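Q: A structural model of the following input is requested.
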Amino acid sequence: MNALSSDEIKKELTALDSWTFEDDKLKKEFTFSDFKQALAFMVRVGFEAEAQGHHPEWFNVYNNVKIELSTHDAGGKVTGKDIKLAKTIDKISG
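A: Now for the predicted structure:
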């Protein structure tokens, strides 16, 4: 999988909801009403990520979930796999 250029990433970010590009990763933070909703979101994302064969780096504290996406096989750079998973995550988050 080939890494996307900065221009390609900027273009793709316009189709994503509030994702940022920083430190060679796509990043987004989600806030839910409570831990149960945050955990349910993570479970749904986990199943979709597994189906895509691409897994996020994430961190959860109570009702907050921080997600970072990059492709290890591309040297930790952003690829089309990351864009695809980000779009899926946006759909799940509603």
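Q: Show me where the chain has its helices.
A: For the chain, the helices defined by DSSP state H occupy 6-13, 35-52, 80-93.
Q: Burial check on residue 9, number of neighbours?
A: In terms of burial, residue 9 registers 19 neighbours under the definition other CB atoms under 10 Å. In this view, the C-beta of every residue, glycine as well, is placed from N, C-alpha and C.
Q: typo on my end, it should be residue 41
A: Neighbouring residues of residue 41 were enumerated by other CB under 10 Å; the total is 20.
Q: and it, what is it in contact with?
A: Counting by CB atoms under 8 Å, 6 or more residues apart in numbering, residue 41 makes contact with 30, 32, 65, 92-93.
Q: Report the buried members of the residues you listed.
A: Buried residues within the contacts of residue 41, counting neighbours by 16 or more other CB atoms under 10 Å: 30, 32, 65, 93.
Q: Okay, and the beta partners of the nearest residue to residue 82 once chain neighbours are set aside?
A: Leaving aside its chain neighbours, residue 82 sits nearest to residue 69 (4.1 Å; criterion: CB to CB, 6 or more residues apart in numbering). Bridge pairing for residue 69 (DSSP bridges) gives the partners residue 26.
Q: so what's residue 69 up against?
A: When contacts are counted by CB under 8 Å, 6+ apart, residue 69 is found next to 25-27, 56-57, 78, 82, 85-86.
Q: how close does it get to residue 60?
A: Relative to residue 60, residue 69 is positioned 16 Å away (criterion: CB to CB, to the nearest Å).
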